[in-house]
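1. Dropping a prediction and its sequence here:
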Amino acid sequence: MKILIVEDDEKTAALLSNGLKQSGYAVSRAQDGLDGLAMLCSEKFNAVVVDIMMPGVDGLTMVEKIRQKGVETPVIFLSAKNTVSDRIKGLKSGGDDYLVKPFDYLELEARLEAILRRDHSEDAVGTKLKLADLELDCLRRKVERNGQQLEFAAKVFAIFVYLMQRPGRVVSKSMIMSQVWDYDFDPQTNVVEAAIYRLREKVDKDFAKKLIKTVRGVGYVIED
């Protein structure tokens, strides 16, 4: 599940990015409306969280422009403006939901899940992933292997989603660090190895066919 955050405030952007990554989403960030417009016209996302009040191209203008270009990605607006007329303006400009600042992160995530459930467009990034007898429902955070339900801690789940979105592709330790922990690669840390170990304990330990493989000196891959 790919989410784009368009937010010029560093603190708010960090809160959203860290929270969504811990919930297993792949997160990208644009610092202003112009940057967000370019990213939405060149990449596919499942949803966008957009601040309205930004310098240059504001959130409303950005969304109006992507709708004119035929981009139907669901949008949640964030704004300190809380009047009925402000909310109506946001929805009429092409937004799917409108959340007033300051907001509770859990409410934001619940609203995001709601609009993702409503979005069934053919262009959306897949929300259900399958590999061999392993099935992942990204929206419901549900994982099953051979009919057996698997439960994961937040970071391990985030790594699992990252691998499942790239079957057959080797991902490096630094790629995982950047995506899941959101800080620069430290070659001395073993947090990735520890998380991969816990992931294997869940996904492979009790099954004959092992799906998660180590490519020595390169990284990890999940494949049938």
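-> Right, received. Where do you want to start?
2. packing partners for the host helix or strand of residue 62?
-> Assignment of secondary structure by DSSP states H and E places residue 62 within helix 59-68. Under the contact definition 3 or more C-beta pairs under 8 Å, 6 or more residues apart in numbering; DSSP states H and E, helix 59-68 sits against helix 33-42, strand 47-51, strand 75-79. For glycine as for every other residue, the C-beta is placed from the backbone atoms N, C-alpha and C.
3. Adding mean neighbour count, write those out as JSON lines.
-> As requested, the helices and strands packed on helix 59-68 are arranged in JSON lines below (neighbours: other C-beta atoms under 10 Å):
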{"stretch": "helix 33-42", "mean neighbour count": "18"}
{"stretch": "strand 47-51", "mean neighbour count": "26"}
{"stretch": "strand 75-79", "mean neighbour count": "24"}
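4. Switch those over to CSV; also include mean pLDDT.
-> What follows is the helices and strands packed on helix 59-68, written out as CSV (pLDDT from 0 to 100):
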stretch, mean pLDDT
helix 33-42, 91
strand 47-51, 95
strand 75-79, 93
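5. Show me which positions of the helix or strand hosting residue 157 end up buried.
-> Secondary structure from DSSP H and E places residue 157 in helix 154-164. Applying a neighbour-count criterion of 16 or more other C-beta atoms under 10 Å, one finds 155-164 buried in helix 154-164.
6. Show me the shaky parts of the chain.
-> Across the chain, the stretches falling below the confidence threshold (pLDDT under 70) are 119-127, 182-188.
7. Helices along that one, start to end?
-> Using DSSP state H, the helices of the chain run over 10-22, 33-42, 59-68, 84-92, 105-118, 154-164, 173-176, 191-203.
8. what's the angle between the third one and strand 75-79?
-> Translated: helix 59-68. Relative orientation of helix 59-68 versus strand 75-79 (axes from the mean of the first three to the mean of the last three C-alpha atoms, to 10 degrees): 170 degrees.
9. what separates residue 27 from residue 6, distance-wise?
-> 12 Å (C-beta to C-beta, to the nearest Å).
10. For those two, indicate the residue with more neighbours.
-> When residue 27 and residue 6 are compared for neighbours, residue 6 comes out ahead with 29 against 21, by other C-beta atoms under 10 Å.
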